[in-house]
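After the sequence you'll find the predicted model.
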Amino acid sequence: MDGHEARANLPRNMIENSMFEEEPDVVDLAKDSAFPTLDPDEVVYEPRSSRLLVRGLGENDMDDDEEDSESSARLLGMSFMNRSAAHRAGSSPYARQAPPSSCSRPSTRTTVVCVLFLVIVVSMSMVLYFLPGCTFTRTGCPKENSTAPMEPVYPNSTTGEPFPWAELRLPASVRPVHYDLTVNPDLDAMTFTGRTVISMAVLHATKRIVLHAADLTVTKATFQGQARVVTLLEYKPHQQVAVRFPEELKQGQRCVLTLDYHASLSSTYDGFYNSSYADKDGKKRVLAATQFEPLYARKAFPCFDEPAFKATFLVRISRRDGYVALSNMPKAKTTNITGGLLLDEFEKSSVNMSTYLVAFVVATFQSVSKNVSDTLVSVYSVPEKKDHTIYALDTACKLLQFYNSYFDIAYPLKKLDLVAIPDFLAGAMENWGLITFRETSLLVNNQSSPLQKQLIASVVAHELAHQWFGNLVTMSWWNDLWLNEGFATYMQYMSLQHEYPLLDIGNHFLTVRFRALDKDALNSSHAVSARADTPEQVAEMFDSVSYEKGASILLMLNASLSGDLFRKGIVGYLKKFSGSNTVTDDLWNSIADVTQQHPNIPGMMNTWTQQKGFPLVSVSRDGDLVTLTQEPFLLSTDATESTAPPTSRWHIPVTYVTAGCSLTPDCVQVFTLENRNATLKLSKDVKWLKLNFQSTGFYMVDYGTAGWAALIEALTENCTVLPREDRASLIHNMFALSRLGRVSFRQVLNLLAYVVNETEAAPVSEALAQLNTLHLQLEKRNELDLASYILERFEALMMNQTWGEEPCVSKQELREALLQTACALDVPDCLQKASDLYRQYANGSARVPGDLQRVVFSVAARSEDGWAELMQTYAQSSDDAQKRKILQALASTRDTRHIARWVGGLRGELVQTTELPLIISAVSGGFAGSLLAWDFTQQNWDALIKKFPVGSFAIQSIIMSTTSHFSTQTHLDQVRNFLGSLKKRGSQMRSVQVAVETIMLNQRWMDANLPDLRHWL
């Protein structure tokens, strides 16, 4: 999976290639040997940034002359190399020259060998010269053909005939212009029929049309709208179908392909799938919904299922009376059809869409609506939860107005639907005009906590941002997925900070950046813009690098630009490429156009997107001179690898504050670190400096022994000398440096000594997260108990927490982190208060605040009565947020009998299968359940990947949650052997590499630090 990394690190100008370029300008053979030009029909339709040339075959790229010589040497054989060697030997002033008198007549044997060598060289040269004139096929080279290129070997279709295309990506010869799509779902039989009429434009003369279809049975195919029936060929491994023609379709020709088909509604959570829920009377209600991103539109209708193939759509959906049908556009009309059914026809889309953004839903939903900015905004849900939609509706309306203004481009559709699907795997999906959500990501009741409302607002903000970033302007291929997801992630935090300041989203964004750094520090990470060819590779692009790291580098760029330049740049980008597809350089160039004082934005930002990882900036001070040194921060499983000479550089906008002024943006000074080393001057009177103000930069800092000592002393004297974000980042950096081996754990403990005076959520939550992870690893090894140390630092703060309603979000975050830890460590006061509150809740005399529900329910689930009561509450509750907290509490029980029962949720008997990753994660977090969760994953792997695609976020989550706390050789061997045995069923996933690497790093850290821990603690 990581074989692309070396190439992904190449400079952009060595990766890009024009979409229809005939030959990469790399090797130039003798001009007399004319190679045939590339037939445009053979070109795979792909963006400029996704095609990798032969150039740059190592970390130290050759210049053009060296490269041409090397390529020619490979092609022309040893004679070239001998000539080159002879030339170099003869021309070098340092070569030893034989005196003239030393010449002698060669022996007969030498003469024979030389003659044979010359014959071989001449023969090879002739073969290479005439090679282009021969067409090689499976039957050999029967005759000369001076113009035809080599014929590719095509795979066999399902009928045994050759399938006319061999690539995963579709050819560029034909592109869709419009789809006329009719879908007829049968919710009793769980099947559907359909007709797709595709209007196409021929870009290059071709004898074939290739498109996608998966799990569809095509019953009839006609071409040009005539009664002309054509034969459809299918190649299932690539999920492609094709039509071949005896005569070429001409360039500029318009044509129409009509396909009739039928299929079963998917039983997983992609394509056009079936779902159900129980109404208030317990009656089962069925529905059908779609999830097409990234590669699943082909499971609902034949199509050109790649993001660059944009087209317009007209959709018709049949339904029973009493059901509602929804699609991207407003409904135009409804007609009666046979069988007592109704056929809803929707308006033709007013925008060109990628296929993954098409959507439809057929269900018995109800809605609430509001008009805002000439758009009808509606929120749909099951009837029983209609009252839980109001907050989402108000939030969507407010954020839609914000985005219309911020992007200076009005939302282009007449309506915007937000739909809560009872059985939905993803958190949400940004389908244009028809955004689908998991119920827990959209619905809240009036009594929900501000933290739960923060979650709803955050997901709504993310999906609305996609209506511009992703829908209006779309990445050309999935290798640049971050242009969609990184931007939507950044905008969700930025918009909420602007429109909902009381939700205090900043702490959450800070934590997200910390976790992104942790994952990107692994050798198994990947560049932000990375190669993604196979379906599994595409699925794995939906990870923290594309989302959180993408958002983080945008935050860093915005923080480094003055005034409103960042906004002006992205507005220019959206307007310039509206309705089109882009690559990463298009974004950087657009921002560079409005930032004249920063002309090298592309050069700067490509250092962050074209190579994996991030820099470690080391600080050393000598009097008034401060030296900054950058190197890759790489958590290596080889103790020597991370200290090897660095090969990567970043253009780092370093921000810093000093002891004299450290709390406000006015104090910030900026220094650009482009080379390995740089120096700046600082008054000798300045006691300390802190880099990366408020952690807006995507890098870590090591201050050296003296620098850390000065910062620790300052925090011990007054912890508010730095903003909360900076205090949290110091804690995060120190733990990371310990993991890297740059500081001892004694230094970590020295820093944490100050937290007895800490009262802010961000630093406390980060410290507890780090310590709890270490505590769990030690617990699983039956080693030291960190509980006494954790309580020594935080018990006073734990005892100060209240158990009633708390309106302040940051205070909710603080007490949630503290009380969850306290009760998990069996602090008597915490257990007693949680039990008392649960009893009041159970008898109806009190409610549990949302931020305390998980800790209270977890304590209750320890008893048999509490377990049974929570099971009943889970089955009866309509509060989705509360049900998730109950689910986590039940799964975190210490009773192995209950754990064994709970993980059986895979079959959907107790809970929806979509919640299984959450259950496994909660079970894995406890000592009693961790091994059970890992055993369950191994025993049920085949069933898991039937429900969740290989490479999907659900599978990634299951792998990491069940293995990330292991730290012994025994566990490493188990994990490596099992995951390695999966082969095509998962061994190729990047998350497998991450899991193995994480265990090895845990083991290495334990081996290095456990003896000292035993002594210190």
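That came through fine.

rest of the way, CA atoms for contacts and neighbours
Fine.

Check this structure for its longest helix and report it.
Counting residues, the longest helix found in the chain (DSSP state H) is helix 990-1016.

Show me which residues of that one are buried.
990-1006, 1009-1010 (16 or more other Cα atoms under 10 Å).

Which residues are in contact with F698?
513, 517, 549, 552-553, 556, 614-615 (Cα atoms under 8 Å, 6 or more residues apart in numbering).

so which of those comes closest to S354?
K549 (24.8 Å; Cα to Cα).

Against W477, how distant is the closest one?
Separation of K549 from W477 (Cα to Cα, to the nearest Å): 19 Å.

Among the two, which residue is more densely surrounded?
K549 (32 against 23; other Cα atoms under 10 Å).

ok, back up a step: counting by contacts, list what the longest helix of the chain packs against.
Counting contacts by 3 or more Cα pairs under 8 Å, 6 or more residues apart in numbering; DSSP states H and E, helix 990-1016 is packed against helix 745-752, helix 953-963, helix 969-980.

now those helices as JSON lines including distance to N431?
Shown next, in JSON lines, are the helices and strands packed on helix 990-1016 (distance: least, Cα to Cα, whole Å):
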{"stretch": "helix 745-752", "distance to N431": "46"}
{"stretch": "helix 953-963", "distance to N431": "19"}
{"stretch": "helix 969-980", "distance to N431": "34"}
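
Single out the most deeply packed of those.
Comparing the helices and strands packed on helix 990-1016 by mean neighbour count (mean count of other Cα atoms under 10 Å), helix 953-963 ranks first with a mean of 21.

between that one and helix 990-1016, how many degrees?
Helix 953-963 and helix 990-1016 meet at an angle of 30 degrees, taking axes from the mean of the first three to the mean of the last three Cα atoms, to 10 degrees as the criterion.

List phi and psi for the residue lying closest to Y235 once chain neighbours are set aside.
Computed as Cα to Cα, 6 or more residues apart in numbering, the closest residue to Y235 that is not its neighbour in sequence is S157, at 4.8 Å. Here the main-chain torsion angles of S157 (degrees, to the nearest 10) amount to phi -80, psi -180.

For S157, the count of nearby residues, please.
Using other Cα under 10 Å: S157 sits among 20 other residues.

can you pull the contacts of it?
163, 233-236.

next one: L979
Shown in contact with L979 (Cα under 8 Å, 6+ apart): 986-987, 992.

can I get those residues in CSV with pLDDT and distance to L393?
What follows is these, written out as CSV (pLDDT from 0 to 100; distance: Cα to Cα, whole Å):
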residue, pLDDT, distance to L393
G986, 86, 40
S987, 88, 43
V992, 92, 40
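
Of the residues you listed, which is the nearest to S961?
Within the contacts of L979, the smallest distance to S961 is 12.1 Å, found for V992 (Cα to Cα).

Quick one, grab the pLDDT at the nearest residue to the closest one once chain neighbours are set aside.
Distances taken as Cα to Cα, 6+ apart place L979 nearest to V992, at 6.6 Å, with adjacent residues excluded. L979 carries a pLDDT value of 93.

What's the separation between L771 and Y789?
9 Å.

Over to L455?
L455 is 32 Å from Y789, where distance means Cα to Cα.

between those two, which one's more packed in?
L455 (18 against 13).

What separation do you get for that one and R847?
Distance of L455 to R847, given as Cα to Cα: 20 Å.

Report the contact partners of T217.
T217 neighbours (Cα under 8 Å, 6+ apart): 261-263.

nope, K220 is what I was after
229, 259-261.

Next: L784.
778, 1014.

What's the per-residue pLDDT of the spatially closest residue to V528 that is not a sequence neighbour here?
Leaving aside its sequence neighbours, V528 sits nearest to T609 (Cα to Cα, 6+ apart; 4.7 Å). Here the pLDDT value assigned to T609 is 96.

So T609 sits against H526, correct?
No: using Cα atoms under 8 Å, T609 is not in contact with H526; the gap is 9.5 Å.

For V218, give its distance to A311.
Taking Cα to Cα, one finds V218 at 22 Å from A311.

just Q912 next, same as before
36 Å.

Settle it for me: which of those two has more neighbours?
A311 (21 against 17).

list the contacts for the more buried one?
In this structure, A311 makes contact with 176-179, 351-354, judged by Cα under 8 Å, 6+ apart.

same deal with Q452?
Applying Cα under 8 Å, 6+ apart, the residues contacting Q452 are 444, 850, 881.

Equivalent analysis for A928, please.
894-896.

out of the residues you listed, which is most surrounded?
Ranking the contacts of A928 using other Cα under 10 Å puts R894 first, with 18 neighbours.

Wait, that one touches G925, no?
No: counting by Cα under 8 Å, R894 stays clear of G925, with 10.5 Å between them.

And the strands in the stretch 301-450 of the chain?
312-319, 324-327, 331-337, 341-346, 360-363, 366-372, 375-381, 415-421, 428-429, 434-438 (DSSP state E, counting those that start in this stretch).

With mean pLDDT, distance to Q224 and mean neighbour count as added columns, please give the ones you listed in a markdown table.
Formatted as a markdown table, those follow (pLDDT from 0 to 100; distance: least, Cα to Cα, whole Å; neighbours: other Cα atoms under 10 Å):
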| stretch | mean pLDDT | distance to Q224 | mean neighbour count |
| --- | --- | --- | --- |
| strand 312-319 | 98 | 18 | 22 |
| strand 324-327 | 98 | 27 | 22 |
| strand 331-337 | 97 | 27 | 12 |
| strand 341-346 | 98 | 23 | 20 |
| strand 360-363 | 98 | 27 | 23 |
| strand 366-372 | 97 | 41 | 16 |
| strand 375-381 | 98 | 38 | 23 |
| strand 415-421 | 97 | 34 | 26 |
| strand 428-429 | 96 | 35 | 25 |
| strand 434-438 | 97 | 32 | 25 |
